[in-house]
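In: Predicted model and sequence follow; I will ask about them next.
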Amino acid sequence: MSTDTRIDFIREIINEDQKTSKYKGRVHTRFPPEPNGYLHIGHAKSICLNYGIAKAYGGKFNLRFDDTNPETEEQEYVDSIINDVKWLGGDFEDRLFFGSDYFEQMYQWALDLIKKGKAFVCDLNADQIRESRGTLTEPGKESPFRNRTIEENLDLFQRMRKGEFPNGSRTLRAKIDMASRNINLRDPVMYRIVHAHHHRQGDNWPIYPTYDWAHGLEDSIEGITHSICTLEFENHRPLYDWYLDALGVYHPQQIEFARLNLGYTVLSKRKLLQLVEGKHVSGWDDPRMPTVVGYRRRGYTPESIQVFCDKIGVSKKESIIDVSMLEWSIRDDLNKRAQRAMAVLKPLKVILTNYPEGKTEQLQAVNNPEDENAGTRAIPFGRELYIEQDDFREIPPPKYFRLSPGTEVRLRYAYIITCEKVIKDSAGNITELHCTYDPGTKSGSSTAGRKVKSTIHWVSAPDAVSAQVRLYDRLFLKEDPDDVDEGKDFLSNLNPNSLEVLPDCKLEPMLGNANPGDRFQFERMGYFCADTKDSKPGAPVFNRIVTLKDTWAKIEQRGKEK
RNA sequence: UGGGGUGUAGCCAAGUGGUAAGGCAUCGGCCUUUGGAGCCGACAUUCCCAGGUUCGAAUCCUGGCACCCCAGCCA
């Protein structure tokens, strides 16, 4: 995945481990999602990192569901996550695992810890545990149940497993140190009683392991060498190590890196869920969502996301990545491989008054100037055309090189035209342009010497395919959506114009046959993708993936700011 | 007021005692039948701050400051 020679701090650690043969030359990573939501671009970073490392070192990469909480997890999420990981290129081969498949082994290990006097059954309820845990500055108090005999603990824990006790009535706790400065080490809970249906285990288990207890064991069982996770688990690493050492089992190394933050969007499951449930977007796969399904539907390629993840690097510094990085990644990818096409998004009718009525021509257009092998195609041309409304100004501002009364412009792959007359309706709206064309300026003919300031795109009116096109913009108005006034939440920063639906765009004929998922560059407008849900050959619907870099828009913006 | 982390350009990010890589963004110029792409150039006398060590410090030492994480039977 990575073609870069840059070495991040994680690879440095691995290089050192390889040198000392710590894991006998093995490198084995994993991506351990909890199936309680859809994957987003932050997860993509983790997948690319873990898979990229495994691949670079000739190692292995596992997909493992960390499904230890039956109350939030669902099969629907399992399916979508598997699909997304594969789409992103994370190849776990036959290594698809579930933490819940190790429940019996974990249970046996818990029994071991009890026998070693390192775990005990505690009858305190959640509130009581919280009260006795102490605070950041004060040590906690030991549970009155801490010194039960091994026999009693064994008996009680076995009965917990049999389902004899109600939810929350008891827990199994590790016996570590209630005075530890690290709160995670103050006799943490290993098992809680939850009588709930598990998406894979059904009703087999009335007790469920906590993350800290389960995670290292899962890594150990799978022979993971480097267990890469995000920064908030740094405080948990001593506990990760303690469990594995107490058990005396194979011990992977946990390494933490800073999670991804992207400007103008949110990447927390809770907030993403809020957007969906509050109907602020059409669903998890709304093309404005930073989810993997969202980007996929928007038209992003997996390669562009891989490149993006590679470019942003890996470190322990919390940061907010500029969205222009992501946009650059998809433009760079699609520039090289997207088929070009002409599409008029906001049509303005043009009549070439000196072009013979009834005549049509087939003009040759290049499919991709960046790729000679992409070939050419024919586009019909005639007397009645559509051009972009933005490509005409009755009163042209400074530096405006496009059409205006009396000026000329080149029609891409066709002729040079001159605007002779502006037709308006009774309300004063421009409805039509009367232009003349110069038959001697056909594209490809020797028109050297004739300089035209700009070239605009067009579509033959009688041949045009009508289509809906959706223009997407950033979902939030602020780079940090959580930057809000007192009493408001991130939803108040939602961009009301993040979606603009254009109902009647005019496309060149070839576009009418687009298959769902096909990507094109609409010349001068941006990259577009035929929607995978709503588009059909014959009745296309396009999503704008990203605009082209637009120098004119910048000039105009600057003019407005003055 | 405990513990664990992090501070290099607008945003990322290399740099590991020898004189601040690279990318994105931005700004110029060239080129252009996409105001796209491409090409060329500019863009940190300085690395959170203050002292110290050294011939030499972003790198080492001391002392500050700022921000993030931790008091779920979530992950």
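Out: It's in.
In: Could you use CA atoms for every contact and neighbour count after this?
Out: OK.
In: so who does A:E500 touch?
Out: A:470-472 (Cα atoms under 8 Å, 6 or more residues apart in numbering).
In: end to end, how far does stretch A:264-281 reach?
Out: Taking Cα to Cα, to the nearest Å as the measure, stretch A:264-281 stretches 15 Å from start to finish.
In: Which residues does that stretch contact?
Out: With Cα under 8 Å, 6+ apart, stretch A:264-281 has contacts from A:37-38, A:40-42, A:261, A:282-284, A:288-290, A:323, A:474-481.
In: From these, list the buried ones, please.
Out: A:37-38, A:40-42, A:261, A:283-284, A:288-290, A:474-481 (16 or more other Cα atoms under 10 Å).
In: ok, how many other residues are close to whatever residue of chain A ends up closest to RNA strand B?
Out: Closest residue of chain A to RNA strand B, Cα to the nearest atom of the strand: A:S443 (2.3 Å). For A:S443, the count of nearby residues is 17 (other Cα atoms under 10 Å).
In: Check whether it really touches A:T455, as I assumed.
Out: No - the pair A:S443 / A:T455 is not scored as a contact, 11.1 Å apart, by Cα atoms under 8 Å.
In: shared neighbours of these two, anything?
Out: Common contacts of A:S443 and A:T455 (Cα under 8 Å, 6+ apart): A:R412.
In: got the residues of the stretch 251-400 of chain A near RNA strand B?
Out: Proximity of the stretch 251-400 of chain A to RNA strand B, by Cα under 7 Å from any atom of the strand, involves residues A:311-322, A:324-325, A:328, A:332, A:335, A:340, A:368-370, A:399-400.
In: Could you list which of these belong to helices?
Out: A:311-312, A:324-325, A:328, A:332, A:335 (DSSP state H).
In: Return the members of those classed as buried.
Out: A:325, A:328, A:335.
In: Out of these, the closest to A:P188 would be?
Out: Nearest to A:P188 among those is A:M325, at 41.5 Å by Cα to Cα.
In: I figured that closest one hits A:F308, correct?
Out: Yes - counting by Cα under 8 Å, A:M325 touches A:F308, with 6.9 Å between them.
In: how long is stretch A:367-377 from one end to the other?
Out: Stretch A:367-377 has an end-to-end distance of 7 Å (Cα to Cα).
In: Stretch A:252-267 now?
Out: Stretch A:252-267: ends 28 Å apart by Cα to Cα.
In: What of stretch A:232-239?
Out: 13 Å.
In: And it, what's buried?
Out: Of the residues in stretch A:232-239, those buried (16+ other Cα under 10 Å) are A:233, A:236-237, A:239.
In: likewise stretch A:520-536?
Out: Going by 16+ other Cα under 10 Å, stretch A:520-536 has these buried residues: A:520-532, A:535-536.
In: what about the strands in the stretch 151-300 of chain A?
Out: Secondary structure of the stretch 151-300 of chain A (DSSP state E, counting those that start in this stretch): strands located at A:171-174, A:189-193, A:207-209, A:226-230, A:253-257.
In: returning to what we had before: sitting in strands, which of the buried residues of stretch A:520-536 do you find?
Out: Cross-referencing the buried residues of stretch A:520-536 against strands under DSSP state E gives A:520-522, A:526-530.
In: For A:Y243, grab the count of nearby residues.
Out: A:Y243, neighbours per other Cα under 10 Å, totals 22.
In: what's the answer for the one 10 residues further on, then?
Out: For A:Q253, the count of nearby residues is 16 (other Cα under 10 Å).
In: For the closest residue to it other than its chain neighbours, give me its contacts.
Out: Of all residues not flanking A:Q253 in the chain, A:H226 sits nearest, at 5.0 Å (Cα to Cα, 6 or more residues apart in numbering). By Cα under 8 Å, 6+ apart, A:H226 lies in contact with A:14, A:27-29, A:252-255.
In: how about a markdown table for these, with pLDDT added?
Out: As requested, these are exported to a markdown table (pLDDT from 0 to 100):
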| residue | pLDDT |
| --- | --- |
| A:I14 | 98 |
| A:V27 | 98 |
| A:H28 | 98 |
| A:T29 | 98 |
| A:P252 | 98 |
| A:Q253 | 98 |
| A:Q254 | 98 |
| A:I255 | 98 |
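In: Filter those down to the buried ones.
Out: By 16+ other Cα under 10 Å, those give A:14, A:27-29, A:252-255 as buried.
In: Can you pull the domain assignment for chain A?
Out: A:9-257, A:340-561 (automatic domain parsing).
In: Adding distance to A:E303, write these out as a markdown table.
Out: Below are these laid out as a markdown table (distance: least, Cα to Cα, whole Å):
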| stretch | distance to A:E303 |
| --- | --- |
| domain A:9-257 | 8 |
| domain A:340-561 | 14 |
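In: Tell me how many other residues surround A:D94.
Out: The number of residues near A:D94, taken as other Cα under 10 Å, comes to 9.
In: sec struct for it, please.
Out: coil (DSSP: H, G, I helix; E, B strand; the rest coil).
In: Is RNA strand B within reach of the helix or strand bottoming out on mean pLDDT in chain A?
Out: Counting by mean pLDDT, DSSP states H and E, chain A has its least confident helix or strand at helix A:551-561, which shows a mean of 88. Yes - on the criterion Cα under 7 Å from any atom of the strand, helix A:551-561 is in touch with RNA strand B at A:551-552, A:554.
In: what residues does the stretch 1-150 of chain A put near RNA strand B?
Out: Near RNA strand B, when you scan the stretch 1-150 of chain A using Cα under 7 Å from any atom of the strand, you find A:6-9, A:33-34, A:66-69, A:123-126, A:129-130, A:133-137.
In: Show me just the buried residues among the residues you listed.
Out: A:33-34, A:66-69, A:123-124, A:129, A:133-134.
In: could those residues be laid out in JSON lines, adding secondary structure and pLDDT?
Out: Output for those, formatted as JSON lines (DSSP: H, G, I helix; E, B strand; the rest coil; pLDDT from 0 to 100):
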{"residue": "A:P33", "secondary structure": "coil", "pLDDT": "98"}
{"residue": "A:E34", "secondary structure": "coil", "pLDDT": "98"}
{"residue": "A:D66", "secondary structure": "coil", "pLDDT": "98"}
{"residue": "A:D67", "secondary structure": "coil", "pLDDT": "98"}
{"residue": "A:T68", "secondary structure": "coil", "pLDDT": "98"}
{"residue": "A:N69", "secondary structure": "coil", "pLDDT": "98"}
{"residue": "A:D123", "secondary structure": "coil", "pLDDT": "98"}
{"residue": "A:L124", "secondary structure": "coil", "pLDDT": "98"}
{"residue": "A:I129", "secondary structure": "helix", "pLDDT": "98"}
{"residue": "A:R133", "secondary structure": "coil", "pLDDT": "97"}
{"residue": "A:G134", "secondary structure": "coil", "pLDDT": "97"}
